[in-house]
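**Student:** coordinates only, sequence not included:
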């Protein structure tokens, strides 16, 4: 495959990446980051790398790992290298790359670009408090930067376990952020930082840039919470070039704005409104959810809110991403999803509905021919009324439950099936009982003749009680079409049940 290029490190073929940690449920902020990185990479004909940052054994889980893969597949964000598909730079789980990190660490130590620091937690805090009191930066003061062999031996004799710190060059760091433009961090803002814990566990500060370097990543799009780590990583990339790790260049960085939740606070993975699996279970379409997430910081043009993933890829330029925080609006997200639901072809709508009907135990797995036929006939009745697929399940449930499992919403029963409502149900039952042909037209004709023409009822008064008695709710597909699909025997049985 031939990859196009964009202005960046050496005008190299674009390699983008997404590297989540398998902790907790996947969330919308994670999906927005994945989407922007994927769209940028695909727009430039690049290679997209998906890897898992699972070095924190206390928080990572196999279940979360499996969910990440499941969600990426559901969203349709495919990858060229990573879990399952493999690639030349594997393995793609950091927990399986510990030997690589140990080798890189030793190279940094041997080259004098990193060092062992033996400070205790108490010593560090004491010096930080003093620095704060004196108005100085409270980061690491470099006290153990240039220990002699004798000093190191003395600390080890005390039983101290050292961390390994990277030796930051004494200079300012300026880079051209793809979203925010030129950014400078002063020398005092970035002190020597830990890359390996005292127990030998490598930290994100080392593993993330090591993997990017070895996998040839050219463009890093990530959340703005990681902006402060960028000068450290730039320094590491420069160090890697000295020790022969990676391809000798520094990737371009773009830091995406926060996604804000209710109360104008950053949306976290613990917030219910951020849970991706919840959106899938509610019946959001992946294309609808991605369309809305794209609008959190970017737009196709000023006139259109609804667009396909292919249209986004064709138009996506990271320089057009707004650096200001974007607020997640569930109502707008739902409305965008409804637009995508209405764009589905009838057969595709049925295919999308089937898994939700199966999850509710309403159809078999696989569904029977009768169930598919019934859903195919019923889905067009609710197609224009849905914003979420789950709403279609709720409106069509009455067709798929058995008579024993059929229930009536109690609030609707109280409003519609009082004494007057039951009189309407009784008249409707009499009008329908002797129909020789059971069709939408004959059902409508019989009910209108009896309830409206003969009894003089207004349509809402006439049909509301019948709707609740047969579908269980005031909210349902068109009544006459619904009764045709419910069939005569089951319709009469439900009217009888309502009459007690």
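**Tutor:** It's in. For clarity, every value in this text was computed on a predicted model and none was experimentally measured. Numbers count the residues shown, from 1 in each chain.

**Student:** what's near enough to touch residue 389?
**Tutor:** 282, 283, 284, 285, 341, 352, 353, 356 (Cβ atoms under 8 Å, 6 or more residues apart in numbering). Where C-beta positions appear, they are placed from N, C-alpha and C, glycine not excepted.

**Student:** From those, list just the buried residues.
**Tutor:** 283, 284, 285, 341, 352, 353, 356 (16 or more other Cβ atoms under 10 Å).

**Student:** Name the nearest residue to the fifth one, sequence neighbours excluded.
**Tutor:** Spelled out, it's residue 352. residue 389 (5.8 Å; Cβ to Cβ, 6 or more residues apart in numbering).

**Student:** Give me the pLDDT for the one you found.
**Tutor:** If you check residue 389, the pLDDT there is 97.

**Student:** Ok, the one 10 residues further on next?
**Tutor:** Predicted confidence (pLDDT) at residue 399: the value is 98.

**Student:** okay, the buried ones among the contacts of residue 389 in a markdown table with secondary structure and pLDDT next?
**Tutor:** Output for those, formatted as a markdown table (DSSP: H, G, I helix; E, B strand; the rest coil; pLDDT from 0 to 100):
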| residue | secondary structure | pLDDT |
| --- | --- | --- |
| 283 | coil | 95 |
| 284 | coil | 97 |
| 285 | coil | 98 |
| 341 | helix | 98 |
| 352 | helix | 97 |
| 353 | helix | 97 |
| 356 | helix | 96 |
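
**Student:** What is the most widely separated pair among the residues you listed?
**Tutor:** By the measure Cβ to Cβ, 284 and 353 form the most distant pair in these, at 13.1 Å.

**Student:** before we move on, the earlier item: next, format the contacts of residue 389 as a markdown table and append distance to residue 79.
**Tutor:** As requested, the contacts of residue 389 are exported to a markdown table (distance: Cβ to Cβ, whole Å):
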| residue | distance to residue 79 |
| --- | --- |
| 282 | 26 |
| 283 | 26 |
| 284 | 22 |
| 285 | 21 |
| 341 | 27 |
| 352 | 24 |
| 353 | 28 |
| 356 | 27 |
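
**Student:** Nearest to residue 374 among those?
**Tutor:** residue 353 (11.4 Å).

**Student:** quick one, domains of this protein?
**Tutor:** Listed domain ranges for the chain are 262-343, 346-499 (source: automatic domain parsing).

**Student:** Confidence-wise, which of those is weakest overall?
**Tutor:** Taking the mean pLDDT of those, domain 262-343 comes last: a mean of 91.

**Student:** measure it end to end?
**Tutor:** 30 Å (Cα to Cα, to the nearest Å).

**Student:** Please apply the same query to stretch 307-324.
**Tutor:** 22 Å.

**Student:** In it, which residues are buried?
**Tutor:** Those would be 307, 309, 312, 315, 316, 318, 321, for stretch 307-324 by 16+ other Cβ under 10 Å.

**Student:** check contacts around residue 381.
**Tutor:** Here residue 381 is in contact with 396, 477, 478, 481, 482 (criterion: Cβ under 8 Å, 6+ apart).

**Student:** filter those residues to the buried ones?
**Tutor:** 396, 477, 481, 482.

**Student:** Show me the two of the residues you listed that sit farthest apart.
**Tutor:** Once Cβ to Cβ is applied, the buried ones among the contacts of residue 381 give 396 and 481 as the farthest pair, at 11.5 Å.

**Student:** which residues in the stretch 51-200 of the chain form helices?
**Tutor:** 62-75, 98-110, 121-133, 149-157 (DSSP state H, counting those that start in this stretch).

**Student:** If you count neighbours, what's buried in the host helix or strand of residue 290?
**Tutor:** In this assignment (DSSP states H and E), residue 290 forms part of helix 286-294. Residues of helix 286-294 classed as buried by neighbour count (16+ other Cβ under 10 Å): 286, 287, 288, 289, 290, 291, 292, 293, 294.

**Student:** next one: stretch 434-454
**Tutor:** In stretch 434-454, residues buried by neighbour count (16+ other Cβ under 10 Å) are 443, 444, 446, 447, 448, 450, 451.

**Student:** What residues does the nearest residue to the last one once chain neighbours are set aside make contact with?
**Tutor:** In space, and not counting its chain neighbours, residue 451 is closest to residue 462: 3.8 Å by Cβ to Cβ, 6+ apart. Going by Cβ under 8 Å, 6+ apart, residue 462 touches 424, 447, 451, 452, 455.

**Student:** Looking at those residues, spot the one nearest residue 369.
**Tutor:** residue 447 (30.8 Å).

**Student:** For the closest one, list the residues it contacts.
**Tutor:** 428, 431, 432, 462, 463, 466, 480.

**Student:** and the gap between residue 296 and residue 326?
**Tutor:** Per Cβ to Cβ, to the nearest Å, residue 296 is found 4 Å from residue 326.

**Student:** between those two, who's got more neighbours?
**Tutor:** Set residue 296 next to residue 326 and count neighbours by other Cβ atoms under 10 Å: residue 296 wins out with 26 against 19.

**Student:** and that one, what element?
**Tutor:** Here residue 296 is assigned to no helix or strand, by DSSP H and E.

**Student:** go on, the one 10 residues further on?
**Tutor:** Using DSSP H and E, residue 306 sits in no helix or strand.

**Student:** which element is the residue nearest to it when sequence neighbours are not counted on?
**Tutor:** With sequence-adjacent residues excluded and distances taken as Cβ to Cβ, 6+ apart, residue 306 is closest to residue 339, at 4.6 Å. Applying DSSP H and E as the criterion places residue 339 in helix 330-343.
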